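Colleague: Got a predicted structure here, sequence first:
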Amino acid sequence: MTLEILTPEQKVFSGEVYGVQLPGITGLFEVLDRHAPFVSALKAGSMKILKDKNSTQSFTIQAGFVEVLNNKTTVLVEGAEEK
């Protein structure tokens, strides 16, 4: 699936990934390839990109939202910094 991480200032990440783990308002959740469409609020915390089944990349994010639609996940947050 395609993942984009966007802040008001810049595009932080864009690429094809296996999945992503996100800090939702009520707890952590994971979005994998071909996930059903949805929108969710995010709280500040740690986000993990699953590049494939063996490699990951982590970011610290501020609050925002995530949208999953047509096998594309868009993360819109106030700020994001690679760990």
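Modeller: Looks like it arrived, so ask away. Keep in mind it's a predicted model, so treat the numbers as computed, not measured.
Colleague: three-state assignment of the spatially most central residue of the chain?
Modeller: Residue closest to the average C-alpha location in the chain (Cα atoms, centre = their mean): Val75, at 4.9 Å. Following DSSP: H, G, I helix; E, B strand; the rest coil, we place Val75 in the strand state.
Colleague: looking at the sheet around it, what are its partners?
Modeller: Listed by DSSP bridges, the beta-bridge partners for Val75 are Ile5, Val66.
Colleague: what about the residue lying farthest from the centre of the chain, distance to Glu4?
Modeller: Residue farthest from the centre of the chain, counting by Cα atoms, centre = their mean, is Asn54 at 17.7 Å. Applying Cβ to Cβ, to the nearest Å, one obtains 23 Å for the distance of Asn54 from Glu4. Quick note: C-beta positions are derived from backbone N, CA and C, even for glycine.
Colleague: what's the answer for Phe13, then?
Modeller: 7 Å.
Colleague: Where does the prediction get shaky in this protein?
Modeller: The model of the chain has no residue with pLDDT under 70.
Colleague: Does Thr60 touch Lys48 like I think?
Modeller: No: Thr60 is beyond contact range of Lys48, at 10.8 Å (criterion: Cβ atoms under 8 Å).
Colleague: For the two, indicate the residue with more neighbours.
Modeller: Neighbour totals were compared for Thr60 and Lys48, and Lys48 leads with 17 against 14 (other Cβ atoms under 10 Å).
Colleague: Can you name the residues that contact the closest residue to that one other than its chain neighbours?
Modeller: Nearest non-adjacent residue to Lys48, counting by Cβ to Cβ, 6 or more residues apart in numbering: Gln21, 4.3 Å away. By Cβ atoms under 8 Å, 6 or more residues apart in numbering, the contact set of Gln21 is 28-30, 47-48, 50.
Colleague: Among the residues you listed, name the buried ones.
Modeller: The neighbour-count test (16 or more other Cβ atoms under 10 Å) marks 47-48, 50 as buried among the contacts of Gln21.
Colleague: Which ones among these map onto strands?
Modeller: 47-48, 50 (DSSP state E).
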